[in-house]
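Student: Mind looking at a prediction? Sequence and model below.
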Amino acid sequence: MSHKTTPDICFVQGNEACVRGALYAGLRFFAGYPITPSTEIAEHLAEQLPRAGGRFIQMEDEIASMCAVCGASLAGAKAMTATSGPGFSLKQEAIGYAVMTEIPCVVVNVQRAGPSTGLATKVAQGDVNQARWGTHGDHSIVVLTASSVQDVFNVTIEAFNIAETYRTPVILLFDEVVGHMREKLVIPPEGEIPVVQRLRTEVKPGVNYHPYLPREDGRLPMSDFGGAHRYNVTGLYHDIWGFPTENPEQVDKLIHHLVDKLENRAEKLALWKEYYVEDAEHLLISYGSSARSARHLVETRRAKGDRIGLLELQTLWPFPAQLVREKTAKAKNIFMVEMNMGQVLAQVKQVVQRPDRVFLVNSMDGQMVTPADIGKIMRVVEGRGF
Amino acid sequence: MEKYRFLLSGSGGQGVITMAIILAEAAAIYEDRVAVQSQSYGPEARGGATRSDVILSDSEIYFPKVNQPNVLVALTNEAANKYLGLILPGGLCLFDSELVQPSAKVDFIHYGIPMFRAVKEKFGRTQAYNVCVLGALATITGAVRLESLEKVLNSRFASAHHAANKQALELGAELARPLLA
């Protein structure tokens, strides 16, 4: 890395901002299989990652890519893969393996319209629930998103920091518009944005190391697999040595640990932006590229004196229930703006005081939801017709 | 500054998207303005209608797509027919007069310039066509300076192409100037 003290300013796509963010965070291994609209992530990393001293591998498919990421991370490298819709489906089993074995890694899904191959080049936000529940079994996971090129850079760094801190896969759930859109990106000098380094064990070589024995603070120091210590890693329920167990007490303890380590920190993990929320009668909630349409409408209406605001979520999972409850407390009507059939809407309805005052504004035709789309639904809700 | 909402259109392979990126980057990096460039395309790599949107502003840009352009560039008849109806009344259209015959039914100011032919005559080939269009576009709208476009071109292309790119930019500007008088 360079030792520049001035920021690097460039004009790039969201996908390249993700690449630059990952490199800033210390990415050293990428395995992937190209798929629209995520391909530019692999394309740029193929060039830039080896220059940063890392390894880039184009694998035979998405399943192998995700497995390679698990292996590389265990062996000590900050690791990432990137994909879209159908590829994200294929990665689910190995994502579950990373959850169970507590392997830090980042999985990017630049969403396109589904189901199946859907609309390969068009925008959608239909993978919110898949990101949460795509892999089987009860578990928790972190899912972040962004609405601008600069935010993509920032949340990508945050994704690596969360992955390393809590030893968990983190899903970066972008969408086609944000991935392909170009804007100015300011990359601060190295060190300006904090980067979490992996916590490694202090147990000496040749001394017994327990990979799943938490420290007092709950964290699990890692030992690069294949290095100083010999230990076992399995997707089965396991003991402190990493060996399979069916002991009910140990099983119960592990599943609670996996869920609690993230769910108990939901508010700490919550990233969001807010605009005019304080006195908003009409509160819009949105995320990703659709938050830009929402913001457009809010700024236009505020200029005319309307009491309208926007809560833009950047953390989708664990769902920031407390945050949404607080921010919506004073709003008369809540409009959920998203490009799916109401996946975050369902979460919002669960936590607000008046679920009957939550309305969905969506688009499902491969086109971005527009400020006009939001305006029309608001008119109907206000009883003013179309 | 007036807010520019460009819709650049043509057929795949004409360099429409590259043109949009250069325009937006020139404004964002060399003139310190806010710029967003986005594109819409189908699964095919060549042929078909290509469209790219560029918004230039002095303040933050929220909705990144252009629904109603105040500047349309149309490099094929197919693109012109598809997008002419979207132009803001009183807006501006730059088209290649050799390739496009726009309908005159819509309320817009139009500039028809035989850019494709001019590039072919000057260079004997047409690789720099989109750069010539950029030169004409910058001259007609005043949205960005030619020098800013040149800086982007020099940063993005090998030095062997710098002279030809500069000539193509100036060719577009020369063709456009008489139309403004």
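Tutor: Received it, and whenever you're ready, just let me know what you need.
Student: Now do the same contact list for the spatially closest residue to A:Ala124 that is not a sequence neighbour.
Tutor: Distance criterion Cβ to Cβ, 6 or more residues apart in numbering or on different chains; nearest residue to A:Ala124, sequence neighbours excluded, is A:Ala113 at 3.8 Å. Just so you know, the C-beta spots here come from the backbone N, C-alpha and C atoms, and that holds for glycine as well. Taking Cβ atoms under 8 Å, 6 or more residues apart in numbering or on different chains as the criterion, A:Ala113 is in contact with A:85, A:119, A:122-124, A:126, A:364, A:366.
Student: can you map out the strands along chain B?
Tutor: Under the criterion DSSP state E, chain B contains strands at B:4-11, B:34-40, B:49-57, B:71-74, B:91-96, B:108-113.
Student: Need the contact partners of the helix or strand of chain A with the lowest mean pLDDT.
Tutor: The weakest-scoring helix or strand in chain A, judged by mean pLDDT, DSSP states H and E, is strand A:119-123 (a mean of 93). Under the contact criterion Cβ under 8 Å, 6+ apart, strand A:119-123 has outside partners A:36-37, A:111-113, A:175-177, A:289, A:339, A:366-368, B:41-43.
Student: Let me know the angle separating it from strand B:34-40.
Tutor: Put simply, strand A:119-123 runs at 160 degrees to strand B:34-40, going by axes from the mean of the first three to the mean of the last three Cα atoms, to 10 degrees.
Student: and the nearest residue to A:Leu144 once chain neighbours are set aside, which of the three is it?
Tutor: The spatially closest residue to A:Leu144, leaving aside those adjacent along the chain, is A:Val155, at 4.7 Å (Cβ to Cβ, 6+ apart). Here A:Val155 is helix, with the state taken from DSSP: H, G, I helix; E, B strand; the rest coil.
Student: State the pLDDT value of A:Val155.
Tutor: Looking at A:Val155, its pLDDT is 98.
Student: so A:Ile374 sits in a helix?
Tutor: Yes: the assignment for A:Ile374 (three-state DSSP) places it in a helix.
Student: right, and it touches A:Ser293 too?
Tutor: Yes: the criterion here is Cβ atoms under 8 Å, and A:Ile374 meets it with A:Ser293 at 6.4 Å.
Student: if I look at B:Ala26, how far off is B:Gly91?
Tutor: 21 Å (Cβ to Cβ, to the nearest Å).
Student: Between these two, which is the more surrounded one?
Tutor: B:Ala26 (27 against 19; other Cβ atoms under 10 Å in any protein chain shown).
Student: which residue packs closest to the more buried one, ignoring adjacent ones?
Tutor: For B:Ala26, the spatially nearest residue (Cβ to Cβ, 6+ apart) is B:Ser148, at 3.9 Å.
Student: Ok, A:Phe243 next?
Tutor: A:Asn232 (5.1 Å).
Student: What of A:Thr328?
Tutor: Per Cβ to Cβ, 6+ apart, closest to A:Thr328 is A:Val352, 4.9 Å.
Student: which residues does the one you found contact?
Tutor: So, once contact is read as Cβ under 8 Å, 6+ apart, A:Val352 ends up touching A:324-325, A:328, A:334, A:358.
Student: now it: how far from A:Val128?
Tutor: For A:Val352 relative to A:Val128 (Cβ to Cβ), the value is 18 Å.
Student: so A:Cys67 touches A:Ala94, yeah?
Tutor: Yes: in this structure, A:Cys67 is within contact of A:Ala94 by Cβ under 8 Å, at 5.0 Å.
Student: Tell me which of the two has more neighbours.
Tutor: Neighbours were tallied for A:Cys67 and for A:Ala94 using other Cβ under 10 Å; the higher tally belongs to A:Ala94 (26 against 18).
Student: Give me the neighbour count for the residue lying closest to the more buried one once chain neighbours are set aside.
Tutor: Of all residues not flanking A:Ala94 in the chain, A:Met66 sits nearest, at 3.7 Å (Cβ to Cβ, 6+ apart). Neighbour count for A:Met66, taken as other Cβ under 10 Å: 30.
Student: quick one: the longest strand seen in chain A to strand A:119-123, angle?
Tutor: Counting by DSSP E, the longest strand found in chain A is strand A:105-113. Relative orientation of strand A:105-113 versus strand A:119-123 (the same axes, to 10 degrees): 90 degrees.
Student: Give the partner strands of strand A:105-113 in its sheet and their orientations.
Tutor: Paired neighbours of strand A:105-113 in the sheet (DSSP bridges): strand A:79-83 (parallel), strand A:119-123 (antiparallel), strand A:169-175 (parallel).
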